[in-house]
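Asks: Predicted model, plus sequence, below.
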Amino acid sequence: MNPPLNHPLEWILSTVEKPSRYVGGEWNAVVKDPARIRLRVALAFPDLYELGLGNLGLQILYAILNAREEIWAERVCLPAPDLSARLRETGQPLFLLEIKPRQVAVMLLRNGICLEYIVLQLLLRVAGI
């Protein structure tokens with residue numbers, strides 16, 4: 001038996017193959033007090049978490065934005081097909097890694113090549129945007 005995830009969306013994450021992709025909390029992840037934040041930004045990567053985590057451009061933007069006390073940059077990656085299907089089945093929108101309510105003012109999308117336009121559309125659709 002697997003230990004509990006202690007995550008607000010454990011009910012859906014317990015049904016996917018690699019739930020650790022979606023819980024956040026990795027080394028150097030930034031968590032701020034939402035009451036002290038003036039701007040929340042979602043940095044969206046149009047591929048799986050394992051690829052987004054190693055993307056240097058995403059890491060640089062994340063560090064620059066989070067260096068400002070009033071800004072909280074959070075990350076979101078394209079979910080794998082298993083979670084994407086569960087989100088559609090349940091009507092649950094895609095969630096961010098750092099904090100689960102997705103109340104962001106700005107969403108920055110990374111697009112390196114033309115083929116990613118289709119994936120960006122999928123990411124926005126899964127996010128309920």
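Replies: On my side now, so go ahead. Residues are numbered from 1 along each chain as shown.

Asks: helices and strands around the helix or strand encompassing Glu74, which ones?
Replies: Using DSSP states H and E, the element containing Glu74 is strand 71-77. On a contact count with 3 or more Cβ pairs under 8 Å, 6 or more residues apart in numbering; DSSP states H and E, strand 71-77 meets strand 39-45, helix 49-53, helix 56-66. To be clear about C-beta, it is placed using only N, CA and C from the backbone, and glycine gets the same treatment.

Asks: what's the most buried one of these?
Replies: strand 39-45 (a mean of 21; mean count of other Cβ atoms under 10 Å).

Asks: Give the other helices and strands that it contacts.
Replies: helix 56-66, strand 71-77, strand 106-109.

Asks: what about 10 Å?
Replies: helix 49-53, helix 56-66, strand 71-77, strand 106-109, helix 116-126 (3 or more Cβ pairs under 10 Å, 6 or more residues apart in numbering; DSSP states H and E).

Asks: ok, of the ones you listed, where does mean pLDDT dip lowest?
Replies: Ranked by mean pLDDT, the helices and strands packed on strand 39-45 end with strand 106-109 at the bottom, a mean of 57.
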